[in-house]
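[1] take a look and give me a structure for this.
(2 chains)
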Amino acid sequence: MAFERELVSLDWFWLILVIASMVFLGLLFYRLGKRSEADFFLAGRGLPWWLPASSVYATHTGTDTPMWFSGVIYRSGLAGIWYGFFTVWVAISAFFSTKLFRRSPVYTQGEWQTIRYSGLNGELTRGYLSGWRVFMDIWTVGWMNAAIYKICDYLWGISYTEAFLIFTITVAIYVMLSGYWGVIIADFQQSILVLSAMVIVSIFGIMETGGPSEIVSYLEAEGEGWRLNPFSFTVFGKGKGIPLAWFLTMIFAATLAGLGMGSHTDWYTEAQRIQSARTLKDSSYSMWSGSIMIILRNSLWAVAILAFFVLTLKNGGLLTDEGEYEMAWYRLGFDLLPVGLLGFFIGTIVAIHFSTVSTHLNLGSSYFTRDLYQHYVNPEAPEKKLVWVGRLGIVVVLIGSFFMGYMMKEDITAWLIFAMWIGMAGTWIPCILQVVWWRFNAKGWLAAWIANLGLAWMIVWILPDLGVMPELPEHMQFWTLLAISAAIYLPVTLLTKPEPMDHLVKFYMMCRPYGFWEPVKREAERRGLLGGEK
Amino acid sequence: MIKREWTPEEADSWTKEDLAGFLSLPIFILFGAGLALALIGRMVGFLMLVIGVGLAIAMFVILNPKISAISSEYERRQKEYIEEMEKKERWKR
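    Numbering: from 1, shown residues only, chains lettered A, B, ... in the order given. This next block holds a predicted model:
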């Protein structure tokens, strides 16, 4: 599989224009970014809802996203859209955990941990989470490096190192200079570019097959009509589509995750957007509207990939190599767009890469600076120094990501599902319990996270490889990890003391959590802190 | 039926109105499946989109007054919270 077209000068013009305008807009905010730590990491906490919303949408659209999404739609038809349904947690969160999180004016989830938990154990939850978060941002930028390399290899046959040097270093420069201001403005621009590219490519793809009616009639004639039904499920291995159990797991997990904080790895990027909005209401609406854009984007993609499926069927049969059909959406653009639009499309792909990488460089750096350096190393550091440490944090994430991407460049989908879902299954419920249950304590949280670190790798990779247990389907891995982890953190929580009541009351008054907080609420009332409320 | 006026104190408590946030789940199912089906020309897809829009409007009508009240009250206190947090962050050993 190789790219057989030549880019003409009009294509190069559009490609360079798109990249230059993103870098230019990023750099334009240099003066604002360096004003203070709050500007470098939260754009001064003054953004209207539509800016974080476009960033939620843009950040959820990485260069790898069309790949794994193409993979599931090509295999499972329209029912594959539910693989992207985990985003619903963002919408549920908009009216639950977002409100709660925004009421504590923290920079990061790490910082929030010390508002929820007290003393040394609280500090341990913050330190652990912050270290893990820096690692996860290195990981995320690493898989973005792997994805852009895959595209560059297809287009121009360039090496992993060359792709990294050209595309990832460029974005790092404007993030280092402008901080989160550069991220958010480039994300806004990118969200418009991507939406335009998606509509254009999808229209070209669908029209190439002969239009929507041709897709429907062709698939039905070939006995593949089930692919047109988003509710086509398999039950106990019978039927076609995706497992019903996976769909139900997704609904359960997405709803529950919206009530908690940190259940999903994307929470940490959204947390930054929540805090950068100018009001609590702007935070909620930005989360909801950003996530609805993602769901609509997925559906548009899905139909375009169905068109690709029909085209491959017409041109000699189904593709069986996952690496090949994962490129479905990109192939539609590369193969079908006319001169000029092709360059615009490639520029958009680079913009997608810029957006996700910029977010995670800045986010990883915020944990590095705020939670590790400022909190533990130099609490008295002046604002100017904190901005410089922020830039250093970006370099740390950047270097780590180069090596991480090398490891992942062959099997992006498997790494993604592991990182987004299974790798966090054991911490799923504790992240919710810490919000909804007063009795859950720092020791329970630490037990869950440390246990999960080992268990996730054992259940998913090591034990099946050693032949000790069979390789489980993804939804079963999720449930298994959920159950084993609970058998560890629940006893730890119940056998150790709750957090001190003074600390819990302070937390309750600031965040007003929902769920099982009656003893704390009663104590707040007894102290006269909730006297005026009925 | 739907409470339109909230004092900041009332809005601070979780009430049955907040449950409307869960409508996001059916709304997203209707939007996701509806748009895909509409794009391949199925009437049921358009119908799902219309129902989804209706549900979304209902959800915001219920939630907006309360969230506006919480938001304005919280913004009043935010400065004080930020000062306290920065003081805590810059502790001296």
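
[2] can you pull out the low-pLDDT segments for the chain?
    Just going to use chain A. For chain A, the stretches with pLDDT under 70 are A:1-2, A:409-423, A:531-534.

[3] think we crossed wires, I meant chain B
    For chain B (pLDDT under 70), the answer is B:88-93.

[4] ok, longest helix in it?
    When chain B is parsed with DSSP state H, its longest helix is helix B:43-89.

[5] residues contacting the residue in chain A that chain B sits nearest to?
    Nearest residue of chain A to chain B: residue A:95, at 3.0 Å (CB to the nearest CB). Placement of C-beta: from N, CA and C, glycine included. Contact analysis of residue A:95 by CB atoms under 8 Å, 6 or more residues apart in numbering or on different chains lists A:284, A:288, B:18, B:20, B:21, B:24, B:63, B:67.

[6] tell me who's in contact with residue A:344.
    In this structure, residue A:344 makes contact with A:11, A:14, A:15, A:18, A:197, judged by CB under 8 Å, 6+ apart.

[7] again, only this time at 6 Å
    residue A:14 (CB atoms under 6 Å, 6 or more residues apart in numbering or on different chains).

[8] give me the element it is part of.
    helix A:341-366 (DSSP states H and E).

[9] right, and the helix or strand after that helix?
    helix A:383-408.

[10] need the contact list for residue A:46.
    Counted by CB under 6 Å, 6+ apart, residue A:46 has contacts residue A:278.

[11] could you measure from it over to residue A:190?
    With the distance defined as CB to CB, to the nearest Å, residue A:46 ends up 21 Å from residue A:190.

[12] and what of residue A:118?
    Residue A:118 sits 41 Å away from residue A:190, going by CB to CB.

[13] how many neighbouring residues does residue 53 have?
    Using chain A. Residues near residue A:53, counting by other CB atoms under 10 Å in any protein chain shown, number 26.

[14] sorry, I should have been clearer: chain B.
    Neighbour tally, residue B:53, other CB under 10 Å: 14.

[15] ditto for residue A:316
    Using other CB under 10 Å as the criterion, residue A:316 is surrounded by 7 other residues.

[16] in a strand, it, correct?
    No: applying DSSP: H, G, I helix; E, B strand; the rest coil, one finds residue A:316 to be coil, outside a strand.

[17] list the contacts of it.
    Contact partners of residue A:316, counting by CB under 6 Å, 6+ apart, are absent.

[18] do the same with residue A:189
    Residue A:189 makes contact with A:22, A:25 under the criterion CB under 6 Å, 6+ apart.

[19] which helix or strand contains it?
    Assigned by DSSP H and E, residue A:189 belongs to helix A:169-209.

[20] now the element after that helix, going C-ward?
    Using DSSP H and E, the helix or strand that follows helix A:169-209 towards the C-terminus is helix A:212-221.

[21] would you mark the buried spots in that next one?
    A:212, A:214, A:215, A:216, A:218, A:219 (16 or more other CB atoms under 10 Å in any protein chain shown).

[22] any chance of CSV for these, columns distance to chain B?
    Below are the buried residues of helix A:212-221 laid out as CSV (distance: CB to the nearest CB, whole Å):
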residue, distance to chain B
A:212, 5
A:214, 10
A:215, 6
A:216, 6
A:218, 11
A:219, 9
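
[23] need the residues of the stretch 151-300 of chain A near chain B, please.
    A:212, A:213, A:216, A:230, A:255, A:279, A:280, A:281, A:284, A:295, A:296, A:299 (CB under 6 Å from any CB of the partner chain).

[24] surely the first one meets residue B:41?
    Same thing as residue A:212. Yes: using CB atoms under 6 Å, residue A:212 is in contact with residue B:41, at 4.6 Å.

[25] anything in contact with each of these two?
    In contact with both residue A:212 and residue B:41: no residue, using CB under 6 Å, 6+ apart.

[26] nearest residue to the residue in chain B that chain A sits nearest to in space, please, no chain neighbours.
    Proximity of chain B to chain A (CB to the nearest CB) peaks at residue B:21, 3.0 Å away. The spatially closest residue to residue B:21, leaving aside those adjacent along the chain, is residue A:95, at 3.0 Å (CB to CB, 6 or more residues apart in numbering or on different chains).

[27] kindly provide the distance from the one you found to residue A:514.
    The value you get for residue A:95 to residue A:514, if CB to CB is used, is 11 Å.

[28] and residue A:273, by the same measure?
    Taken as CB to CB, the span from residue A:273 to residue A:514 is 22 Å.
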